[in-house]
Structures are given as structure tokens and as C-alpha cells.
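Enquirer: got a predicted structure plus its sequence, pasted below:
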Amino acid sequence: MVATDGQKLTLGDTTVTMYLTPGHTYGTISTLIPVKDRGVPHLAAEWGGTAFNWLTNRNAYITPERPDSFWFTTYRTSARRFRDIAEKAGADVIIANHTNFDGSKTKLPAVLARTGNDPNPYVIGKDGVQRYMTVAYQCAMAGLAQSLAKERTPVAQAQQAPQPPQGGGPNVGLIVGLVVGLFVILPIGILVCAGVVGYMRASRAARYSSYSSPYSTYTPPSYTYTTPTSTYGGTTTTTGSSALSEKYPTSNGLIVAHYPADFAAKSLDHATIMLSKNNSDGTDEVVTVAGVENPISNDVNEFSRVLVQQMKKNIEAYGDKWIETSRRRTTCFGSYSGLQIEGTYTASGITKENVKICYFMRPNKGYEMKTIVPAIHESRDLPLLQSMVDATEIK
């Protein structure tokens, strides 16, 4: 038989419901199964594929049309959808495609040893099922963030690439079968989460670059930004002073960023630095500064178009939507004629983020200066973010 999404299959007196959840493989199926424990009814959610197979079996999964980001996006979409299906159905038992992934190696012996009123270790409750599926979803989100950064950051997209040599073999589309891989072990999922969750929470400590070449003839003065007292919802807060005591260069030598000690710097590529901070309410605020040699176009309109297009693509990969609110000619960075673009998007469907970007050109170089701040904190925090942009050294 060929299973379809939502199809029901009756086996004896039990009817299971199958859902198409591609990700682990392109043909993964997850299932809701009604079960009973000592006559008490429960509902088991069988998550059809746990491991990120494309990380260990790249020849069978990775193609130009289906890079890592495709598989992480597909997996996270399925995990979120099946989590919602399980919640709506009231599933209180979780089982997985391999005994490594649902604790069966310890639960099965515990079931056999049950006596009296001992609980069934497989019955973890509705909240437990939701937590399990949320971990699967969040691990995929973390992997997606890292894969998008590696595949092509926006500024790398805007740098003119050398022409490839002529010739070469054809692109081959590989068909992924429905058979679940038998040789993927649990630590893969753990390593993916541990290795990339730092990118999701961007203000984690980053290793400093060893680049030490001379930089721009423009050297900013020593900055100390003092935040004014502000009031939110009747509560008055004063954020105090933030000295831009830290600095971090791009590896191409075109940018040196300056930022407070409570922010963290991360190189997104050879031309781009991200400065970010996690707020106590779970929101993030970000500054990115970038400079690229030999840009794909010396026209600021075309240069910005490529960058905005890539940014929009990255935002939409998370299921969010970019809305441009203004675009105008302006003076960027004090003295350079450029283009300012402003817009918004909603991060993870919860937090509205306001984005302000200035693009400008110098001979054979293109620059992007961007601030991203939660709308609820804009009046308080945007002046600090702007002072970080203003303090940037450029070559």
C-alpha cells in the first residue's frame, strides 16, 4: 500500500492514523496508535524518524537542490506539525523508530518487572510528549540556523565570485527511499544540538580572531553610551552606561566592530560580524556590520537588493515574514551617500523585531550596517545599537 497523510489503517480491533513527516528520510511516516495498559486507554505517538541522517550519509541526501538547510527545514516543519497533531489528539505515550531514541532499552525491562500499582514507564503524560517533540523541533531549528549561515551569508552572496572553469559533470538527483536507516545512533542528535545551539543564542562567547592588519584611517573616539531613564507599563527602569570596551575585526580587514562587554561577537563569514545580546525577557538585540571587496555591483541599489533578498529568504526559512516599511536615500556612516531600508518581522511568531539597515559604497567595496531590536525595547536600546554602528572602523 502507499500511505497518504491522515490515512487510517485498521488492524484487528485497533485503528492507527498515519501522517507523512519527511525529514529523517523523505518518506518518513509518524503514527498515532491507541493502546491500553491494564485496561486503561492511552494514545501513543510514534515519531517516525529521529536522527539527522543527512549529516552522516551525505551522498544519499545532499544535492545542490537539497542542501543541509532543506533537510533541517523539512525536519523542523514535520516535528512542529506532528507535535501539534499529538497535542490535539491527547497523546500521552511516545515511542520512536529506534529503541535508542525513546528509552526502550530501560523501559522494556521495567515493564517486565512491574508489580502491583507500578506505573508504566512508557506513559509519560501529555506534557512529556510535547517536551519530546519540542526538543526534536528545536534541534532542527538550531541546525537550520547554522546551515543557513554556512551555505551563504547575505554579504557573501553580494560579493562577486570568480568565474568557474568550463565543463564538469552533470548534477545528479538522488532518490531517498522510505527505508529507515539502521545505523544512526543517538549521539548524532545530541551533538547537533550541542554544536549549533550557540548560534541560536548568539550572545554566547565567541572565539576572537587573530587578524592584526592595520585598519581604516577613520578611528572613532572612546565611546561611552548612557541610556536615559525609560518607562514601560508603569515601571521605570534605568539601564545605565555601556562603554564600548570590546573590539572584533572581520578576517578580510575591512571592518573593526566596537561593542559593550555584555554583547558577544561572532564572525558570520570573512566579511560580516554579528554583535548580539540576550535580554532577560528572552528577546535578542543584534548589530551586524559588514564590508566586502569587489561587490557584485557598485550600484548601491543593486548591492542592497541582493542583500535584502537573501535576508528575506533567511527570515522566511524560519516561517516568518519580512515587511519593508521605508526606503530612502540618506547619508550613511556620517559622510557616505547611501540607502537606508527599514522593516519588521516577527521572530518565531512571537517577538516583533524592527530592522534598520544602511548600505553604502566606496571604491571597489560595499558596506552594510544593520540594527535589529525588539519593538518593545526600541526606544530604550536603539540608541546604544546605533552608537555601536557609529563606532565601527572601516577601511
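Expert: Perfect, I can see it now.

Enquirer: which residues does residue 326 form a beta bridge with?
Expert: When bridges are called by DSSP bridges, residue 326 pairs up with residue 342.

Enquirer: for it, give me its contacts.
Expert: Going by CB atoms under 8 Å, 6 or more residues apart in numbering, residue 326 touches 340-343. Every residue, glycine included, has its C-beta placed from N, CA and C.

Enquirer: of these - the most surrounded one?
Expert: residue 341 (21 neighbours; other CB atoms under 10 Å).

Enquirer: where along the chain do the helices fall?
Expert: 58-61, 68-89, 104-112, 125-151, 154-157, 187-200, 300-317, 378-390 (DSSP state H).

Enquirer: roughly how far apart are residue 87 and residue 274?
Expert: Residue 87 sits 34 Å away from residue 274, going by CB to CB, to the nearest Å.

Enquirer: which one of those two has more residues nearby?
Expert: residue 274 (25 against 15).

Enquirer: how about the more buried one, what does it touch?
Expert: For residue 274, the contact set (CB under 8 Å, 6+ apart) comprises 202, 265-268, 286-288.

Enquirer: cool, residue 369 as well?
Expert: By CB under 8 Å, 6+ apart, the residues touching residue 369 are 287-290, 332-333, 357-358, 389, 392.

Enquirer: equivalent analysis for residue 315, please.
Expert: Residue 315 makes contact with 321-322, 345, according to CB under 8 Å, 6+ apart.

Enquirer: cool, and residue 130?
Expert: Here residue 130 is in contact with 83, 86-87 (criterion: CB under 8 Å, 6+ apart).

Enquirer: cool, and residue 120?
Expert: Shown in contact with residue 120 (CB under 8 Å, 6+ apart): 37, 111, 114.

Enquirer: cool, and residue 321?
Expert: Here residue 321 is in contact with 315, 345-346 (criterion: CB under 8 Å, 6+ apart).

Enquirer: ok, residue 365 next?
Expert: So residue 365 contacts 254, 291-293, 295 (CB under 8 Å, 6+ apart).

Enquirer: mark which of the residues you listed are part of strands, please.
Expert: 291-293 (DSSP state E).

Enquirer: who wins for most neighbours among these?
Expert: Within these, neighbour counts (other CB under 10 Å) peak at residue 292, which reaches 28 neighbours.

Enquirer: pretty sure that one sits against residue 366.
Expert: Yes - counting by CB atoms under 8 Å, residue 292 does reach residue 366; the two are 5.2 Å apart.

Enquirer: neighbour count and pLDDT added to the contacts of residue 120, as JSON lines?
Expert: Compiled in JSON lines, the contacts of residue 120 are given as follows (neighbours: other CB atoms under 10 Å; pLDDT from 0 to 100):
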{"residue": "37", "neighbour count": "14", "pLDDT": "95"}
{"residue": "111", "neighbour count": "13", "pLDDT": "93"}
{"residue": "114", "neighbour count": "13", "pLDDT": "93"}
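
Enquirer: possible to save those residues as CSV with distance to residue 96?
Expert: Formatted as CSV, the contacts of residue 120 follow (distance: CB to CB, whole Å):
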residue, distance to residue 96
37, 18
111, 16
114, 21
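
Enquirer: tell me which of those residues is nearest to residue 91?
Expert: residue 37 (13.9 Å; CB to CB).

Enquirer: what sits against that closest one?
Expert: Counted by CB under 8 Å, 6+ apart, residue 37 has contacts 120, 122-123.

Enquirer: quick revisit: of the contacts of residue 365, closest to residue 7?
Expert: Of all those, residue 292 has the smallest distance to residue 7: 50.7 Å, by CB to CB.

Enquirer: quick revisit: ok, of the contacts of residue 274, which come out buried?
Expert: With burial judged by 16 or more other CB atoms under 10 Å, the buried subset of the contacts of residue 274 is 202, 265-268, 286-288.

Enquirer: turn these into CSV, columns for distance to residue 57 and pLDDT.
Expert: Output for the buried ones among the contacts of residue 274, formatted as CSV (distance: CB to CB, whole Å; pLDDT from 0 to 100):
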residue, distance to residue 57, pLDDT
202, 30, 32
265, 35, 93
266, 29, 90
267, 30, 90
268, 28, 87
286, 35, 93
287, 39, 95
288, 34, 94
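
Enquirer: how does this structure divide up, domain by domain?
Expert: 8-158+181-194, 209-394 (automatic domain parsing).

Enquirer: flag the shaky bits of this structure, pLDDT-wise.
Expert: Counting by pLDDT under 70, the low-confidence segments of the chain come to 151-242, 347-350.
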